[in-house]
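Chemist: I would like the atomic coordinates for the input below:
(chains A and B)
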There are 2 protein chains.
Amino acid sequence: MHPAIEDVTLESVLYALADPTRLEIVKKLANCSLNCSMASPADLPKSTQSHHFQVLREAGLIRSERRGTEVVNSLRCSELEKRFPGVIASIVKASEKAKKR
Amino acid sequence: MHPAIEDVTLESVLYALADPTRLEIVKKLANCSLNCSMASPADLPKSTQSHHFQVLREAGLIRSERRGTEVVNSLRCSELEKRFPGVIASIVKASEKAKKR
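Modeler: Numbers count the residues shown, from 1 in each chain, chains lettered A, B, ... in the order given. Prediction:
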């Protein structure tokens, strides 16, 4: 379900982040761990949300864990920072900056 | 042909870089301006090369200028750095690091 960090490619990470909804999810997760319904835009159909979380998970960006009845998602921050130094942080920051305009 | 830097979106930049060939081209251009045939992998058909350069150009990553009989491509380094600080530099660096393994 979750790829080992050594198997995560930069291309798959960039592809996963090239979608506005997924970038939005990652930005929210960059601040804290959230359950699915909190992390994704509320107006999306459940199947679309699931798809985006799956792409993020398979690309190695997030970890999804069941806690009781909910699924809690978290960004694989420290692993990603070690493998691709500065990449996620600069993308999240640039995206927040672009949004402010 | 070349979008104004204000119109360049982070998503389009990430999408353009999510392809191994295009990432390779951008890495080469990060070091210097090159003509098409030098910047792209030699074993690709010309039409495929043209397509990749077009995606990079339309995403706002590169500038293509005709000089005599050849087209010289350059990365829009300083504009991109101003708009998305650290993004291209960290991606190029992470990609070079990943390649070394």
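Chemist: how close does residue A:81 sit to chain B?
Modeler: Note on residue A:81: its distance to chain B, by C-beta to the nearest C-beta, to the nearest Å, is 10 Å. (Each C-beta comes from the backbone N, C-alpha and C, glycine too.)
Chemist: and the helix or strand hosting residue A:92 with helix B:87-99, angle?
Modeler: Using DSSP states H and E, residue A:92 sits in helix A:87-100. Put simply, helix A:87-100 runs at 160 degrees to helix B:87-99, going by axes from the mean of the first three to the mean of the last three C-alpha atoms, to 10 degrees.
Chemist: quick one: residues in contact with helix A:87-100.
Modeler: For helix A:87-100, the surrounding residues in contact (C-beta atoms under 8 Å, 6 or more residues apart in numbering or on different chains) are A:10, A:13, A:17, A:23, A:26-27, A:30, A:61, A:75, A:77, A:80-81, B:9-10, B:14, B:83-87, B:89-91, B:94.
Chemist: state the pLDDT value of the most centrally placed residue in chain A.
Modeler: In chain A, the residue lying closest to the centroid (C-alpha atoms, centre = their mean) is residue A:26, at 3.6 Å. Residue A:26 is assigned a pLDDT of 94 by the prediction.
Chemist: I'd say it and residue A:60 touch.
Modeler: No. Taking C-beta atoms under 8 Å as the definition, residue A:26 is not a contact partner of residue A:60, at 11.9 Å.
Chemist: so which residues of chain A form strands?
Modeler: Remark: strands assigned in chain A by DSSP state E are A:34-35, A:62-67, A:70-75.
Chemist: circling back to that earlier point, just checking, which of the contacts of helix A:87-100 belong to helices?
Modeler: Cross-referencing these against helices under DSSP state H gives A:10, A:13, A:17, A:23, A:26-27, A:30, A:77, A:80-81, B:10, B:14, B:83, B:87, B:89-91, B:94.
Chemist: which of the residues you listed are buried? Put it as a PyMOL command.
Modeler: The buried residues among the ones in helices among the contacts of helix A:87-100 can be selected in PyMOL (16 or more other C-beta atoms under 10 Å in any protein chain shown) with this line:
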select buried, (chain A and resi 10+13+17+23+26+27+30+80) or (chain B and resi 10+14+83+87+89+90+91+94)
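Chemist: distance check, residue A:25 against chain B.
Modeler: For residue A:25, the distance to chain B - C-beta to the nearest C-beta - is 13 Å.
Chemist: neighbours of residue A:18, just the number please.
Modeler: Neighbourhood size, residue A:18 [other C-beta atoms under 10 Å in any protein chain shown]: 20.
Chemist: ramachandran angles for it?
Modeler: Dihedral pair for residue A:18: phi -80, psi 0, per degrees, to the nearest 10.
Chemist: that one reaches residue B:11, doesn't it?
Modeler: Yes. Here residue A:18 reaches residue B:11: they are 5.3 Å apart, a contact under C-beta under 8 Å.
Chemist: report how many residues lie close to the spatially closest residue to residue A:56 that is not a sequence neighbour.
Modeler: Distances taken as C-beta to C-beta, 6 or more residues apart in numbering or on different chains put residue A:62 closest to residue A:56, at 4.6 Å, once the chain neighbours are dropped. For residue A:62, the neighbour count with other C-beta under 10 Å is 24.
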